[in-house]
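the following block contains a protein sequence and its predicted model.
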Amino acid sequence: MALRDRLRRLVQKPGSVDLAPFRALVAEAGERESRAGELSDEELTAAASALREKEDLAELCALGREAARRTLGERPFDVQLTGTLALLSGHVAEMATGEGKTLSGALAAAGYAMRGRRVHVMSVNDYLARRDAEWMGPLYELLGVTVGWVGQSSTPGERREAYRADVTYAPVSEIGFDLLRDRLVTAAGDVVQPEPAVALVDEADSVLVDEAMVPLVLAGAADLDAADPRYADLVRRLRPGLHYSTDEEARNVQLTAAGAHEVERVLDLDLYAPEHLRTLTAVNVALHAEVLLHRDVDYIVRDGAVKLISESRGRVALLQRWPDGLQAAVEAKEALEASPSGEILDSITVQELIGRYPVRCGMTGTAMAVAEQLTEFYSLQIAVIPPNTPCVRDDQPDRLYATAADKEVALVEEIAAAHAAGRPVLIGTGDVAESERLARRLARAGLDRVVLNAKNDAEEAAIIAEAGAYGAITVSTQMAGRGTDIRLGGSPAPGAGPAAPGTASAEARGADHDRVAEAGGLLVIGTGRYHSSRLDGQLRGRAGRQGDPGGSVFFTSLQDDLVTRYAPDEDAKDTGDADGLITGKGAHWIVGHAQRVAEGVDLELHRNTWRYNHLIGLQRRELLAERDAVLQGDAADRAMAADAAGRHAELTKTAGADAVADAARQVVLYQLDRCWAEHLAYLADLREGIHLRSLGRGLDPLIEFNREAVPAGKRLLADARKRSIAAFEALTATEDGIDLDSADLKRPSATWTYLVHDNPFGSLDERALRGLINMFKGRRR
């Protein structure tokens, strides 16, 4: 470790960046502000275009500030320009909620574009990508920068046009899906994405950490077995403790001896006979779906389909699904029609996708909590940008109760008291089920409330915008990535801009703001600590926006899932007062300890999962280099001319050199793609099977995985070459051309994209790290 990094860890927050050089540039930009204000629009655009020939960051800030004032009615604060400069230096800018990250990011994207680099601004969903592209569009236009956006419904033509722009806004998933589709094109002109240059990531901690190892998948139609509904019915009748048991983290479930006997009795077979291995697997998957996945917690059922819920965002995870077997088992459990299944043609994790970009930067309200991960996995440092107006939010100590029942009683009383004073209240819950349970309790107490969870997330912008209204009560699941500020007194529609001074609208907003401020501002209440302190911070950050008054408090209990899962052996020895309230330091330590254990486990799981995917990424890179040479040039034609010289000469004589070159290209591309899809399937089976072979033998699963995966990867190109030669030899030709069907080059009749949700029981790496929780539990006060 460099001496500078050692000193940084000793004297300041790890990963933080010195802001002094940025502040000096902002001060210089301030000196140029009046001159920029005297420019006409045409002169301002010309001055901005001149920055493509020279780098002058102070001038960029001055021109950007003036352009924002003219087009958006907003003059960027000094801290916003500081954030822009941090992004332009390749850092993650930590800026509190409401401090104007969107504008800072737009000015940084324009700055990169002026340097001749295409920028992909990656958001967390379609709504934010389109909103921000359209909202910032006039700013980009005045600065002479083109902008486009991509969404889930964008056509190939619209995508190609958007990617041609200097700056492209898109959900990170759509950028990944477009990359996967580009990797399977059979004509160079069908590629839609340019070479990666700059990735500017919004909600950087969520994308780069929470979703880093989520695989984005391109699948092709294939005939796979649907889950047998008999197994769902069977496991539903099994009894916990007698027929199956779960581990203390509730991540794994297994049949007991009695359970196996019961399954064998019902199905009338030997469950562990080799010929019934698929039945054993199907029963285990059905058992996992029944016992460990809970409706309105892990998923909801909407429009006759299972919709997964993002743990880090508390909303429906669009396009996400579990691996096919588990997905089908949950659908069978809910008696739903099976969704299409298919063969995985290619996949890429979010971390690998971001790693393709030579320049990476991002912005978020909560980066310091994951400084270690951002540095370790992305070589990113964090610039902590101070708020424009000091935060005066009152963050109260946690209120810890002995039981969940005591906590909920106190929680409703606190909400009622704040509401009676006219104070708006935002309550952050852990999942859909808890949000609805709390909503029912509030209704019984006669309190009107609005609920925002995965079941009505389409209305989220409107609900959040009004969460700061006088006396409002809003119950929500996780607030990360909501993308809408909560303004005291209620908020205008996103992108609407400020009301003109002196208008009735402006005066009404001001009066509403003052009324709520006098009541104490927004009160944020957490119904329990999240598995990450960063998520707690994201919830707290909704109050105290831009110097507004506000407060936050978390209600916790020793029966919360966080405590029972990650610190089940800790004994508080404190039952609290008559209301169950616990004030002892030891009990409060247990809650913090449980959260630290959860964070430590998540980090180690990330590291271990990366180790598996790193090897696959290296193998993919080698194959893609070969594929690009075939797609873009004559590598396939030269290879077939050398390896199948006789047939190549015969086909050329009949169909012509151009037709043969194109046929060779199609043959080799098909075989490369086919070998890669089969290799991915092999690695998936290997990764799962390695666990069984490693148990009880003292073997390292990762070493065992690499022992077999490395040689298989080395055979890939040779196997594809052999298949290509055989297929090329089988081609037939006439004067009208070459019949590719004669080589049996059958690609999937349909393809689709989705994200694979981490198997909650059970990717191999998680099972291999079972001891982690016990290791962290061993760390005492």
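Yep, it's here.

how far away is residue 652 from residue 659?
Using C-beta to C-beta, to the nearest Å, one obtains 8 Å as the distance from residue 652 to residue 659. Backbone N, C-alpha and C define where each C-beta goes, glycine included.

what do you get for residue 569?
When residue 569 is compared with residue 659 (using C-beta to C-beta), they lie 72 Å apart.

pretty sure residue 639 sits against residue 668.
Yes. Counting by C-beta atoms under 8 Å, residue 639 does reach residue 668; the two are 6.8 Å apart.

out of those two, which sits in the busier spot?
A count of neighbours by other C-beta atoms under 10 Å puts residue 668 above the other of residue 639 and residue 668, at 27 against 21.

which residues touch the more buried one?
630, 635-636, 639-640, 720, 724 (C-beta atoms under 8 Å, 6 or more residues apart in numbering).

would you reformat those residues as CSV and include distance to residue 219, secondary structure and pLDDT?
CSV is the format used below for the contacts of residue 668 (distance: C-beta to C-beta, whole Å; DSSP: H, G, I helix; E, B strand; the rest coil; pLDDT from 0 to 100):
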residue, distance to residue 219, secondary structure, pLDDT
630, 23, helix, 97
635, 28, helix, 96
636, 26, helix, 97
639, 29, helix, 97
640, 30, helix, 97
720, 21, helix, 97
724, 24, helix, 97
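
these into CSV, with extra columns for distance to residue 711?
Putting the contacts of residue 668 into CSV (distance: C-beta to C-beta, whole Å) gives the following:
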residue, distance to residue 711
630, 24
635, 25
636, 26
639, 23
640, 27
720, 16
724, 21
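
check which helix or strand the residue nearest to residue 66 when sequence neighbours are not counted maps to.
In space, and not counting its chain neighbours, residue 66 is closest to residue 36: 4.2 Å by C-beta to C-beta, 6 or more residues apart in numbering. Here residue 36 is covered by helix 33-37, with elements defined by DSSP states H and E.

any idea how far the residue nearest the centre of the chain is from residue 638?
The centre of the chain sits closest to residue 211, judged by C-alpha atoms, centre = their mean, with a distance of 3.5 Å. Distance, residue 211 to residue 638, using C-beta to C-beta: 42 Å.

residue 473 now?
71 Å.

more neighbours, those two?
residue 473 (23 against 14).

now the phi/psi pair for the nearest residue to that one once chain neighbours are set aside, please.
Take residue 473 and drop its neighbours on the chain: the residue closest to it by C-beta to C-beta, 6+ apart is residue 449, 4.0 Å away. Torsion angles at residue 449 (phi, psi; degrees, to the nearest 10) stand at phi -150, psi 160.

and for residue 155?
phi -80, psi 160.

quick one on the thing from earlier: number of residues surrounding the residue nearest to the residue nearest to the centre of the chain when sequence neighbours are not counted?
Excluding the flanking residues, the one nearest residue 211 by C-beta to C-beta, 6+ apart is residue 350, at 5.0 Å. By other C-beta under 10 Å, 24 other residues sit near residue 350.

strands along the stretch 151-300 of the chain, start to end?
Along the stretch 151-300 of the chain, counting by DSSP state E, counting those that start in this stretch, strands occupy 167-171, 198-202, 215-221, 244-246, 253-255, 299-302.
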